[in-house]
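Novice: How does the following fold in three dimensions:
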Amino acid sequence: MIRFHPAPPAQGAAVLLIPGIGGTARSARPLTRALAGLPTAVAVRRPVAAGESGETPSIPARARALARQLADGPCPEELVVVGHSLGAYVALELVRELAPLRPGAVRALVVAGQLPPHRQPRHADDGFADETLLRKVTGGALPEGLAGEPELLCRLVDQWRGDYRAIDSYTAAEVPSPRARLALPLHVWSATGDPAAPSGAALDAWREYTSAPTAFAVFEGGHDFPFTRAESAAARLRRLAVPRAEVLHA
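Specialist: Have a look, this model is predicted:
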């Protein structure tokens, strides 16, 4: 369930944040705190519970589920959609899904720490061993509180494995070139120390995903820079969420 806090006003924009693999509301807290007062929601995927099917939904399926929630429930007048890492692809598909359901609802799309789908190397080439996945998602360290929870850790690693496979399936569909372009501003965020989305021609190829202007911003830090550099990220998001009436009269 998508819940904005504080509740969005009748007019104005809100931020919808879609974290990447292993992302939780807790890990996103530095950014949501820095956005205090601006309606914000974090769309997280809950861990698979014991006894549940471990089947991983595709990236388009996740986007469709989020779009239905926004179309059927209380939805802000305008949205700034932010996707980090894998969440960037879910955010991209969400914007595509919302276009016919809520025309004009998305003010801007922010993709952070991710290469465009058609320039993404296959993750299967690195293998999907547990140790490889732990290194990719956590840097090799056990997540806090999981040292004594081997069954839960096993379920999480299986879920991460499914997430990387979902990325490979999704990006294969975007090769050799992206599908229909968006018609809204695209903001591409990267970090100086993020090997997942280094600056260069591959990152610049995000321009191919919209007919509107594409803006690039570079932060200090590593892959989790939206949360480790939360104040800088929040300042940019607040500017994107300024009511249109204020922009017109500025």
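Novice: Which stretches in this structure count as strands?
Specialist: With strands called from DSSP state E, the chain shows them at 13-18, 40-42, 78-84, 106-112, 186-191, 214-219.
Novice: Mind putting the ones you listed into a markdown table with distance to Glu149 and mean pLDDT?
Specialist: To be clear about C-beta, it is placed using only N, CA and C from the backbone, and glycine gets the same treatment. Below are those laid out as a markdown table (distance: least, Cβ to Cβ, whole Å; pLDDT from 0 to 100):
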| stretch | distance to Glu149 | mean pLDDT |
| --- | --- | --- |
| strand 13-18 | 26 | 96 |
| strand 40-42 | 23 | 96 |
| strand 78-84 | 25 | 97 |
| strand 106-112 | 29 | 97 |
| strand 186-191 | 31 | 98 |
| strand 214-219 | 33 | 98 |
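Novice: Let's have those strands in a markdown table, adding distance to Lys136 and mean neighbour count.
Specialist: Rendered in a markdown table, the data for the strands of the chain read as follows (distance: least, Cβ to Cβ, whole Å; neighbours: other Cβ atoms under 10 Å):
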| stretch | distance to Lys136 | mean neighbour count |
| --- | --- | --- |
| strand 13-18 | 18 | 26 |
| strand 40-42 | 21 | 24 |
| strand 78-84 | 14 | 26 |
| strand 106-112 | 17 | 25 |
| strand 186-191 | 16 | 24 |
| strand 214-219 | 20 | 15 |
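Novice: Throw those into JSON lines and include distance to Asp163, thanks.
Specialist: As requested, the strands of the chain are exported to JSON lines (distance: least, Cβ to Cβ, whole Å):
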{"stretch": "strand 13-18", "distance to Asp163": "13"}
{"stretch": "strand 40-42", "distance to Asp163": "17"}
{"stretch": "strand 78-84", "distance to Asp163": "13"}
{"stretch": "strand 106-112", "distance to Asp163": "17"}
{"stretch": "strand 186-191", "distance to Asp163": "21"}
{"stretch": "strand 214-219", "distance to Asp163": "24"}
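Novice: out of those strands, nearest to His123?
Specialist: Closest of these to His123 is strand 78-84, at 16.6 Å (criterion: Cβ to Cβ).
Novice: Direction included, what does the closest one pair up with?
Specialist: strand 13-18 (parallel), strand 106-112 (parallel) (DSSP bridges).
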